[in-house]
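K.L.:
Okay, here's the prediction I keep looking at, along with the sequence it came from:
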4 protein chains.
Amino acid sequence: MTRLTTEASGVFVIAVTPFHPDGRIDMESCDRMVDFYLDAGATGLTVLGMMGEAPKLTVEESRDVVARILDRVKGRVPVVVGVSAPGFAQIDVMTKMVMDMGAAGVMVAPPGNLRTDDQIVNYYNQVAELIGDVPFVLQDFPLATGVQIAPKVIAKIVNDLPTCVCLKHEDWPGLEKITYLRRDGVLNKRISILCGNGGVFLPEEMARGADGAMTGFAYPEMMASVVEYYNKGEIERGQDIFNAYLPLARFEQQPGMGLAIRKYTLAKRGIIAHDTLRRPGAPLSALCRDEVDALILRQEKRLMELN
Amino acid sequence: MTRLTTEASGVFVIAVTPFHPDGRIDMESCDRMVDFYLDAGATGLTVLGMMGEAPKLTVEESRDVVARILDRVKGRVPVVVGVSAPGFAQIDVMTKMVMDMGAAGVMVAPPGNLRTDDQIVNYYNQVAELIGDVPFVLQDFPLATGVQIAPKVIAKIVNDLPTCVCLKHEDWPGLEKITYLRRDGVLNKRISILCGNGGVFLPEEMARGADGAMTGFAYPEMMASVVEYYNKGEIERGQDIFNAYLPLARFEQQPGMGLAIRKYTLAKRGIIAHDTLRRPGAPLSALCRDEVDALILRQEKRLMELN
Amino acid sequence: MTRLTTEASGVFVIAVTPFHPDGRIDMESCDRMVDFYLDAGATGLTVLGMMGEAPKLTVEESRDVVARILDRVKGRVPVVVGVSAPGFAQIDVMTKMVMDMGAAGVMVAPPGNLRTDDQIVNYYNQVAELIGDVPFVLQDFPLATGVQIAPKVIAKIVNDLPTCVCLKHEDWPGLEKITYLRRDGVLNKRISILCGNGGVFLPEEMARGADGAMTGFAYPEMMASVVEYYNKGEIERGQDIFNAYLPLARFEQQPGMGLAIRKYTLAKRGIIAHDTLRRPGAPLSALCRDEVDALILRQEKRLMELN
Amino acid sequence: MTRLTTEASGVFVIAVTPFHPDGRIDMESCDRMVDFYLDAGATGLTVLGMMGEAPKLTVEESRDVVARILDRVKGRVPVVVGVSAPGFAQIDVMTKMVMDMGAAGVMVAPPGNLRTDDQIVNYYNQVAELIGDVPFVLQDFPLATGVQIAPKVIAKIVNDLPTCVCLKHEDWPGLEKITYLRRDGVLNKRISILCGNGGVFLPEEMARGADGAMTGFAYPEMMASVVEYYNKGEIERGQDIFNAYLPLARFEQQPGMGLAIRKYTLAKRGIIAHDTLRRPGAPLSALCRDEVDALILRQEKRLMELN
C-alpha cells in the first residue's frame, strides 16, 4: 500500500461523514462522495478529521467508514486518517487499525493543554515513537486546538522526526510560517505543506510555497483549479477562479456552523443524500439556507462570466 | 453635544491611531484621516478601539488624540470612544474625560475573565451604574475577548440598561444573533446594531437587520456603499461592490497582523503619513506588502469593470 | 443491581488505575486497591475518572478494569464510572457497556468548549436523553475542564433532569455553591453533593451541607473520619484529623503531578505494586519522593500525638 | 535610593490597598499596615500587585498609594511596585513615576495572550529595553495570567537581561522549577527567587533553594518564621510553625475570594480599618466570615501548644 510521503501535493479533500436522517452512517453517500472528490481533482483524501465529525463516531463506526472509503478509492489516491485523541492508547489503536486497512498515513493535532515549546515537541516525539514507521501529518490549527506552535517548533519536529512528512497548515495568520519553513537551512528535508482554513488564503499560500490544500470546501474543484493554475504560472487565471468562489468560501468558513453549510451544499449538489449532522451539531436555519442558495447562484453567474 | 442614540446607523469607522516613525502620535495624519473617513461616507467615528492601539497610549496621549479628532470632526458626526480597561477606575476616568470633551458615547468590551451569563450581566450593570447617563456601545467580539455572550444575555443587558444604545456586533458566526435581536418581543427597545469583523459579512448582516458597520476596513467607501445599496434595496449592486473588495477585506481580516495591513493601505492611499505601529506591533514583511499591493491592483481593476 | 441515588453519601474514592512497569494494567493491584478502599471506609468507588487515567486506556482496557473492580466489589458498594468523552457516541457506548456490567451510574464532565449557560444546560439535556434512565453524576471541575458552571445552571440541570442524582463538587472556591444548592426552594429534589479537590476543603464542605467526598487522596481514611465526625457533630475531632493530613493533602493536590504523588504513596503503602503512570505522565523526581516521605513521617507523628 | 538586587531575600509582603467603606483609599490604614508588615519581619514590600487591586486604581491613586507607603517605609526596606499593564505606554509611565518616587524596582507579569517561548522572551526583552536600568521582578503566575513559562525560558530571560534580578515564583506545581534554576550552569548569575501562592508551599520551596517569599498571607509572621528557621537549619521547627498556619493559609488561597479573606483577617487583626474591596470585588458572606474566625481560633490554640 502506498504511504504518504513528503511529496504529497494537490488537493487532499477533508471528507465529511454522511449520515442518514436518523443518524446512521450513510454508506451509499460515502461512495458517491469519494467519486465526486476524485472527479473534482482530489489527489488525496483525509477522513475522520475535525470536520469529519470523528469524535461523534464509535471505534466500530470509524472503522466502517474508513473501510468503505478505502474500498471505493481502490488505491487511486492516498487516504490519510485523523487519529487525534485525548490519550495515546486511542491514537495507537486507531493508527494500527487504519494502517492495517490500507490508509496512507495518519493526522495528529496537539491536545489543547499543551503550552510551552518543549511540551509540544515532546508530545510529537511520543506520538512518533508510539506509531513507529507510520507517516504522519502535523495539524497546526490554533483556532480550533488553542495551541500555538511557533515556526521553529514545527521545524524541530520535522527535523527530529523522519515520519513527519506533511504539515496541515491552518494557522491564521499563517503566511509567514510557510515562508519560514521554505527558507534554506530551516528544514533538513523538504516536507509537504498542505493548507487548510477552507481554502480562503490558497492563492497567497501557493505563492509562498505551499504544495496545495488539505481542507474541505464544498467546491473542491476551486482548490484544484487554483493549485493547477498556480503550478502552471497562470496566476491571474487562478485568482479569477478563486475570487469567484470566495464569497461562498468565506461563508462556509464560519466556525462551528461551517460544517452544516458544507453538508447542506454537498447535499444540494446531490453528492450526499442528507445534510444531517450528528448531535451536538445543529441544522441550518431557513434564512441561512437561503443565504447559501443566493451565494451559489451568484457564484455560478460569476463563473459563467469568466468562461 | 449630540449623544449616541439607538438610531445610530451607517458606517462608524474604527479609526486607527497614526504614529510618526519614532512612535510619537502624528496629529496631522489624524486630521487627514478624519477628513478622509467623512468624505468616504462615515456617519460616525469610533476611536481608541482595539484597532486604535488604545492600550499602547498613556492617558494623556489618549486625551490628546480624542481632542484632536473631536476638534477636526466639529460635531459633524458622533464620535464614540473605546474605554475598555481591566478596572472600573480607568473606565470611569476615561469616560468622564472624553464625555467632557464632547464624545457622543463610549464603547465597552467585557474583560476576558467573565464566563457565566450572570457574570457578564453583572459586569455591564456595574459599568452602567458607574458611567451614569452616558450612552454606551456593547462590544461583542469573542475572538478577541474570549468571552462568549449568549443572545439572551445581550437582550437582558439591553432591556435592563437604558444607556445601552448600540451593539458592536462581531461574534463569528453571528448572523443568527442579529435575527434573534430583531425578533418581536425580544428587546424592549430597538437598538442600533453595527457590525464589525472588517465588514466581511456586511451584506448578510444588513439583510438580517443590522443598521450598518462599525469597523475599520481601509476602504470604508465599500462599507458605505453596501449599506446604502442595501437600504435602497439594490441588493445585487451592493453585493457586486462587496465582492470586488472581498479579497482585500479577507486579507486585512487576519488577526494580529490585520492592523499592519490596514495602516499600510491607509499610508499607501496617502491618508496617514506612516504605517508605523507601536510595539509590540510589527511591520509587514516585504512579501506581505507585495501581496497587499497586488490585491489593491486587482480590486481597482474589478471596480472599473463594474462601472 | 443497585443504582446510584440522591442518597449517596460518605466517601466515594476516585480509584487510580494500577499499571505494571511496562504499562500493562496490573489486575492484582486492582484487587488489593478495592479491598484497601473498602477497608478504609469507602462507601462507593468511582473509576475511570480524570485521575484514573481514563483517556490513556483503550475501550477494551476500560472494560477490563471496570469488570475486575466490579468483580472484586461484589456489590458491597456502588461503583460509578467516568464516561466523559469528546463525542456522544463514545459516551453512549461506554455507558451501555458499564451499566450492563453492573455499574451504579456514570459521571460526566462538560467538554471544554462550552461557555454560555444555555450551552451547558443543553449539553446535559442531550447527555441525559442519550443515556436514558441511567443515573449520572455532574462533575463540576472548572480548574480541569475550563468550564465555569453557575450555581443556577447546576440547579436548572438538577431540576430538569431526574437522572442527575449527584454533584461531584470541585469548583474552587466552591463553598457558596453548596450553600446555594442547599437553600430552600432552589432544587426540586435534594441531591447528593460529594466534594473533590483531594479533600482539602472537606471540613468546611461538610459544614455547608455536603454529603461527603468523591476524590482520591491516598489516605481515604482521613476523608472517612472527617465525614464521620462531622456527621456525629464532633467537629473539633474532625478538624484535628483533617489538619494532621492537610500538609500531605495539600502536596498531593498539585495539578498534573498530583497523580504521581498519589500513586507513589499508594505504592509505598503497599496497596498497588508500582507507581507507574502511563505516558505522558512522568514519575516523581527523587527530591519529590523525599518530600512525600518526609510529609508522611510527620503525618504519622502528628496522628500519634492526637491519639 | 537602594535598588532591588539579586540578593533580595526574606519576606516581601504583597501589600493590600486599604479602602474606606465608600471606596476612597484609606491612607491611615496604609501607615498602620506598613508598620505591621515591618514589625512582622518583612524584608521588603510589593505594592500594586494583583492582590493590591492595582487595576482598580487610577494613575493618580496609584501614585498616591505608592507615595504614602514609601513615605512610611522611609527606606528601611526596598519597595517593589507592580506595573503590569496591557500596553507598554502604561508600563513606561508607571515605572518612571514610581522609580522617581523612590521605588526599588518594578514587577511585570506577562500579558495573557503570550503563548510560544519566543513570544514570552521577546516580551521581556521589550520591557527591559523600555525601562532601561530599572531592576525588575519577573512574575510567573500561570493560574492568574494563563501564560505558562518553561523553566528554560525563565533562564533565557534571566541570562539575557541583567536587570531581571528576581523571580516571583508562583507556578503550581513549581518546585522542580526552583531546582532547575538553582542547578549549576543554568543561570549566568544567581537571582533572587521569592515564592508566592500565599506561602502554602514555602517549606518545600525553601528546601529547594528559594530565598524567601513574596506573597500576602495575612499572617506574614508565619512566612518570616519559616524563612528564618529554614535558614538556621531548624527544619522541624519551621514545619511546625507552617503547619499551624496551613489550615488558614489554604483557606485564604482560594482564587478570587482570597483577597476578601485576607482583608477581613487584616481588619479583624486591627491592621486596616475596613475590609472593603473595590468593585467588582465582593465582601465575604456571613458563613465565610465565621469559617475564618474559627480557623483563626484553632490556629491560635495550635500555636500556643507549640510554645
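P.N.:
Right, received. Where do you want to start? Numbers count the residues shown, from 1 in each chain, chains lettered A, B, ... in the order given.

K.L.:
Stretch A:192-199 and chain B, any residue contact?
P.N.:
No - remark: stretch A:192-199 sits outside contact range of chain B, by CB under 8 Å from any CB of the partner chain, the gap being at least 10.4 Å. The C-beta positions use only the backbone N, C-alpha and C, and glycine is treated the same way.

K.L.:
what sits up against that stretch?
P.N.:
The contact list for stretch A:192-199 (CB atoms under 8 Å, 6 or more residues apart in numbering or on different chains) reads A:5-9, A:12, A:14, A:137, A:141, A:165-170, A:172, A:174, A:178, A:181-182, A:201-202, A:205, A:209-217, A:222-223, A:226, A:245, A:249, A:252-253, A:258.

K.L.:
and the residues you listed, which are buried?
P.N.:
A:6, A:8-9, A:12, A:14, A:137, A:141, A:165-170, A:172, A:174, A:178, A:181, A:201-202, A:205, A:210-217, A:222-223, A:226, A:245, A:249, A:252-253, A:258 (16 or more other CB atoms under 10 Å in any protein chain shown).

K.L.:
So which of those sit within helices?
P.N.:
Judged by DSSP state H, the subset of those located in helices is A:178, A:181, A:202, A:205, A:222-223, A:226, A:245, A:249, A:252, A:258.

K.L.:
Kindly identify which of those residues also come near chain B.
P.N.:
Counting by CB under 8 Å from any CB, no member of those reaches chain B.

K.L.:
and those residues as a markdown table, adding pLDDT?
P.N.:
Below are those laid out as a markdown table (pLDDT from 0 to 100):
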| residue | pLDDT |
| --- | --- |
| A:Ile178 | 98 |
| A:Leu181 | 98 |
| A:Leu202 | 98 |
| A:Glu205 | 98 |
| A:Met222 | 98 |
| A:Met223 | 98 |
| A:Val226 | 98 |
| A:Tyr245 | 98 |
| A:Ala249 | 98 |
| A:Glu252 | 98 |
| A:Gly258 | 96 |
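
K.L.:
element containing the closest residue to A:Glu252 other than its chain neighbours?
P.N.:
Spatial nearest neighbour of A:Glu252, excluding adjacent residues (CB to CB, 6 or more residues apart in numbering or on different chains): A:Ile261 at 4.7 Å. Taking DSSP states H and E as the definition, A:Ile261 sits inside helix A:258-268.

K.L.:
what element comes up after that helix heading to the C-terminus?
P.N.:
By DSSP H and E, the next helix or strand past helix A:258-268 is helix A:286-306.

K.L.:
buried set for that following helix?
P.N.:
Buried, per 16+ other CB under 10 Å, within helix A:286-306: A:288-289, A:291-292, A:294-296, A:298-299, A:302.

K.L.:
and that helix, what does it pack onto?
P.N.:
In terms of contacts (3 or more CB pairs under 8 Å, 6 or more residues apart in numbering or on different chains; DSSP states H and E), helix A:286-306 is packed against helix A:235-252, helix A:258-268, helix B:175-182, helix B:202-208, helix B:235-252.

K.L.:
Just want the angle from the second one to helix A:235-252.
P.N.:
Translated: helix A:258-268. For helix A:258-268 against helix A:235-252, the angle by axes from the mean of the first three to the mean of the last three CA atoms, to 10 degrees is 110 degrees.

K.L.:
Which other helices and strands does helix A:258-268 contact?
P.N.:
Counting by 3+ CB pairs under 8 Å, 6+ apart, helix A:258-268 packs on helix A:235-252, helix A:286-306.

K.L.:
Which one of the buried residues of helix A:286-306 is nearest to chain D?
P.N.:
Ranked by distance to chain D (CB to the nearest CB), those are led by A:Cys288 at 31.7 Å.

K.L.:
Show the contacting residues for the closest one.
P.N.:
A:257, A:260-261, B:175-176.

K.L.:
and the stretch 151-300 of chain A, which residues reach chain C?
P.N.:
A:278-280.

K.L.:
Can you tell me which of the residues you listed are buried?
P.N.:
Those of these that meet the buried threshold are A:278, A:280, by 16+ other CB under 10 Å.

K.L.:
Spell out which residues of the stretch 151-300 of chain A are next to chain D.
P.N.:
Counting by CB under 8 Å from any CB, the stretch 151-300 of chain A sits next to chain D at A:152-153.
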